[in-house]
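> The following block contains a protein sequence and its predicted model.
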Amino acid sequence: VVWSKALGKVSDGGAIQTKELDLYKYGKEDNYGFVTNLKWLLRGVVIEGTYEIKVECECFAAGGPKDYDISSTMSLIGVYDVTAPKLYGSPLPLNDVVLIGEEIMFVFTEPLQCSKPYSFDVQMWLYGSSTEKIPLQVICEGNHVSLQVDQDKYNVANLIGKKFVVEIGSIGSQSSAALTDLNGNPLKHNVKVNKTFANLDLSQASTSFEFVLDNVTCTDSTVGALQDQIRESIKVILGMSSIDRIQIIDLNCVDNKSKVAATVSITPPSAGARRFLSSNNKEDDNSVNLFYALQDASAEKKPVSRMLSTGVHGSISNHFFVRGIKITPGLADVALYTKNATLLQTEKKIRDFEKTFHLNAISTNVMKDLAIELLEEVKSISEESNKIQSLLKQQHEQDAKMREMKATYEAEILEHEHEQDAKMR
């Protein structure tokens, strides 16, 4: 380990100079014994990074080994970091049009303070209407913040083709929030991005979601028999005449056999149906509206059809809820909104940076943990060494006293012998 002496601005001979921080020579204690007149000079002098810090005291020579004239505190680990996080590249996706359910990601140049509740503001609103805030699902992890519309809380059919704004940082004059790095350096300026939700043809889109039948008794062996009955129940709840558009992708008995969880898919209306954002004819209504109709029915605590009887007890009074909608655009929209190769390549670079940074952060944290463990071991060894040095010093002092006593005794014996010789003469 290479130790460097701290520098500071001190008053020496009336002039302010850059000197080594000699507390004995330049420090002035306050009434509580603290030296407050010296400031550690860091900016422009010390490179940002992680350091071990200690205070060393050099005493006047006592005549013993030189090591006994120096004493130091145990070292502390400190971080010097004054660089604020910055946005790396541009928010993802790079194209101006965002698909419903597509994640928007902001990648930054260093790890962020992501402990919950989050210390920063993040908002989305439709262009020209800053009063209506769109509910979001926000994840802060490593060096990035990602978000998407919470589709369970907002009917995304109302967002189709509309422009929107996303802002991260400290929003509003009264806000005390801030996006900071791990060492508390705040983002200097809010990050804001303007984009447009894709103008999807919802009549050609499919949706998938989780349909949960609550407060039932089921078994793994009987739950499979409920597949068609759940389809029939959804059909009845939605007022449809056929189950053809309702498919069960997965079906499980969950939560200690007290719930039935089905992954449901609703396909687009039949070919030739008009492009509806809303329709009174449920057969022709798009799958997105059908999901929210199910959600409204669940909020009303509408009981599931009595047809759910096989393997389920007391099913007439059971209720359900739906969640986790995912929209799959039609083939024409997939082709229309496919990103070009240049954008994909640039996005990959930003995502690779985020992934590499995340892996490096994990590796760095592991190394930091190992370094701390090693430092603790070194401290323990150092403490034992200090104890040994202290014992050796005590032994040295005792030996010196013994030599002094021996010399005094020998001198007294010699003097006594001289006196005896003088008397004999």
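All right, it came through fine.

> where exactly do the helices run in this protein?
Ranges of helices within the chain are 23-26, 227-238, 287-299, 331-336, 341-424, based on DSSP state H.

> Comparing these by mean pLDDT, which bottoms out?
Least confidently modelled of the helices of the chain is helix 341-424, at a mean of 66 by mean pLDDT.

> low-confidence ranges in the stretch 151-300 of the chain?
By pLDDT under 70, the low-scoring segments of the stretch 151-300 of the chain are 271-281.

> how about 50 then?
The stretch 151-300 of the chain contains residues with pLDDT under 50 at 272-278.

> contacting residues for the closest residue to Ile266 other than its chain neighbours?
The shortest distance from Ile266 to any non-neighbouring residue, by CB to CB, 6 or more residues apart in numbering, is to Ser287 (4.0 Å). From N, CA and C alone the C-beta is placed, and that goes for glycine too. By CB atoms under 8 Å, 6 or more residues apart in numbering, the contact set of Ser287 is 202, 205-207, 245, 266-268, 327.

> Buried ones among these?
In these, burial by neighbour count holds for 202, 205-207, 245, 266, 268, 327, counting by 16 or more other CB atoms under 10 Å.

> quick one: Asp250 from Gly224, how far?
Look at Asp250 and Gly224: by CB to CB, to the nearest Å, they are 11 Å apart.

> again, but for Gly89
48 Å.

> Between those two, which is the more surrounded one?
Gly89 (16 against 12; other CB atoms under 10 Å).

> show me what contacts that one?
107, 346, 349-350, 353.

> out of these, what pair is the most spread apart?
The span of the contacts of Gly89, defined through CB to CB, is set by Val107 and Thr346 at 12.1 Å.

> neighbour-wise, which of the two wins?
More neighbours surround Val107 than the other of Val107 and Thr346, with 20 against 15 (other CB under 10 Å).

> my guess is the more buried one meets Phe353, correct?
Yes - with contact defined as CB atoms under 8 Å, Val107 counts as touching Phe353 (6.5 Å).

> Overlap of the contact sets of these two?
Joint contacts of Val107 and Phe353 (CB under 8 Å, 6+ apart) are 88-89.

> So what's the gap between stretch 183-199 and the chain middle?
Computed by CA atoms, centre = their mean, to the nearest Å, the chain-centroid distance of stretch 183-199 equals 17 Å.

> Touching it from outside, list them.
79, 81-87, 90-91, 96-100, 104, 106, 113, 120, 127, 156, 159-171, 178-180, 329, 333, 337.

> Which members of those residues are classed as buried?
By neighbour count, with 16+ other CB under 10 Å, these hold 84-85, 91, 98-100, 104, 106, 113, 120, 156, 159, 164-170, 179-180, 329, 333, 337 as buried.

> OK, contacts around Ile53?
75-78.

> Any quick ChimeraX command for the buried ones out of these?
Listed next is the ChimeraX selection for buried residues among the contacts of Ile53, using 16+ other CB under 10 Å:
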select :75
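
> Near Leu21, how many other residues are there?
Leu21, neighbours per other CB under 10 Å, totals 19.

> Surely it is in contact with Val35?
No - between Leu21 and Val35 there is no contact under CB under 8 Å: 9.2 Å.

> Output the contacts of Gly89 as JSON lines; include the columns distance to His189.
As requested, the contacts of Gly89 are exported to JSON lines (distance: CB to CB, whole Å):
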{"residue": "Val107", "distance to His189": "16"}
{"residue": "Thr346", "distance to His189": "23"}
{"residue": "Lys349", "distance to His189": "23"}
{"residue": "Ile350", "distance to His189": "19"}
{"residue": "Phe353", "distance to His189": "21"}
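
> Of those residues, which is the nearest to Val260?
Val107 (40.2 Å).

> Quickly note the distance from that closest one to Asn183.
Distance from Val107 to Asn183, counting by CB to CB: 19 Å.

> same deal with Leu226?
54 Å.

> got it, and Asp152?
On the measure of CB to CB, Asp152 and Asn183 end up 36 Å apart.

> okay, those two: which has more neighbours?
Shown here are Asp152 and Asn183; by other CB under 10 Å, Asp152 has more neighbours (18 against 14).

> Buried residues, stretch 341-356. List them.
347, 350, 353-354.

> Pretty sure Asn289 sits against Val156.
No - between Asn289 and Val156 there is no contact under CB under 8 Å: 10.5 Å.

> List the contacts of Pro19.
One correction, residue 19 is Lys, not Pro. With CB under 8 Å, 6+ apart, Lys19 has these contacts: 7-8, 10, 12, 26.

> what's across from it in the sheet?
Gly8 (DSSP bridges).

> I'd like the distance between it and Lys28.
Computed as CB to CB, the Lys19 to Lys28 distance reads 14 Å.

> now do Ala6
Applying CB to CB, the value for Ala6 to Lys28 is 17 Å.

> Find the residue closest to Thr50 in space, skipping its chain neighbours.
Using CB to CB, 6+ apart, the closest residue to Thr50 is Val79 (5.2 Å).

> Is Arg231 in contact with Arg245, as I believe?
No - contact criterion CB under 8 Å: Arg231 and Arg245 do not qualify, at 9.6 Å.

> circling back to that earlier point, narrow the contacts of Lys19 to just the buried residues.
Buried among those (16+ other CB under 10 Å): 8, 10, 26.

> can you tell me which residues contact the last one?
This points to Tyr26. Contacts of Tyr26 (CB under 8 Å, 6+ apart): 8, 10-12, 19, 37-38.

> From the structure, what's the count of residues near the closest residue to Glu167 other than its chain neighbours?
Among residues not flanking Glu167 along the chain, Lys192 sits closest, at 4.5 Å (CB to CB, 6+ apart). Lys192 has 13 neighbours, counted by other CB under 10 Å.

> what's the spacing between Lys192 and Gly169?
According to CB to CB, Lys192 stands 8 Å off from Gly169.

> so Cys114 sits right up against Asn143, yeah?
No - here Cys114 does not reach Asn143: they are 9.4 Å apart, not a contact under CB under 8 Å.

> Next step: the contacts of Ile53 restricted to strands.
Members of the contacts of Ile53 lying in strands (criterion: DSSP state E): 76-78.

> Surely Lys9 and Leu21 touch.
No - the criterion here is CB under 8 Å, and Lys9 misses it with Leu21 at 9.7 Å.
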